[in-house]
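Visitor: got a sequence here, can you model it:
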Amino acid sequence: MKKVLFVFALGAILASCGPSNCDCANATKDQLEDESFAEKCEKLEDDWKAKYKEADKDEKKAMRAEMKACGDE
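Guide: Numbers count the residues shown, from 1 in each chain. Modelled structure (predicted):
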């Protein structure tokens, strides 16, 4: 029973975190018209750009691969 509650709590926490990079990269027109979703994606994009700017060569390569994988879904 404790495991079930833990999984449920973990799922609730993850669901409340907002969209992922892939969610934003593959967003539909309707999703982008939702102000809340669009704002979260914009913040996520700003954070990603700042992280990318500070990353070394290998980290940048991994980040590009991660974003490319979003398009392959």
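
Visitor: from here on, just use CA atoms for contacts and neighbour counts.
Guide: Will do.

Visitor: I'd like the next helix or strand past the helix or strand of the chain with the lowest mean pLDDT.
Guide: Using mean pLDDT, DSSP states H and E, the weakest-scoring helix or strand in the chain turns out to be helix 2-15, at a mean of 49. Sequence-wise, the next helix or strand downstream of helix 2-15 (DSSP states H and E) is helix 21-25.

Visitor: helices and strands around that next one, which ones?
Guide: For helix 21-25, the packing partners by 3 or more C-alpha pairs under 8 Å, 6 or more residues apart in numbering; DSSP states H and E come out as helix 35-54, helix 57-71.

Visitor: export those helices to TSV and tack on mean pLDDT, distance to residue 28 and mean neighbour count?
Guide: Shown next, in TSV, are those (pLDDT from 0 to 100; distance: least, C-alpha to C-alpha, whole Å; neighbours: other C-alpha atoms under 10 Å):
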stretch	mean pLDDT	distance to residue 28	mean neighbour count
helix 35-54	92	11	14
helix 57-71	91	13	12
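
Visitor: nearest to residue 27, of those?
Guide: helix 35-54 (9.3 Å; C-alpha to C-alpha).

Visitor: now the closest one against helix 57-71, angle please.
Guide: Using axes from the mean of the first three to the mean of the last three C-alpha atoms, to 10 degrees, the inter-axis angle of helix 35-54 relative to helix 57-71 is 150 degrees.

Visitor: for helix 35-54, name the packing helices and strands.
Guide: Using 3+ C-alpha pairs under 8 Å, 6+ apart, helix 35-54 sits against helix 21-25, helix 29-33, helix 57-71.

Visitor: any chance of those helices in a markdown table, plus distance to residue 44?
Guide: Shown next, in a markdown table, are those (distance: least, C-alpha to C-alpha, whole Å):
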| stretch | distance to residue 44 |
| --- | --- |
| helix 21-25 | 7 |
| helix 29-33 | 14 |
| helix 57-71 | 13 |
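
Visitor: out of those helices, nearest to residue 47?
Guide: helix 21-25 (10.6 Å).
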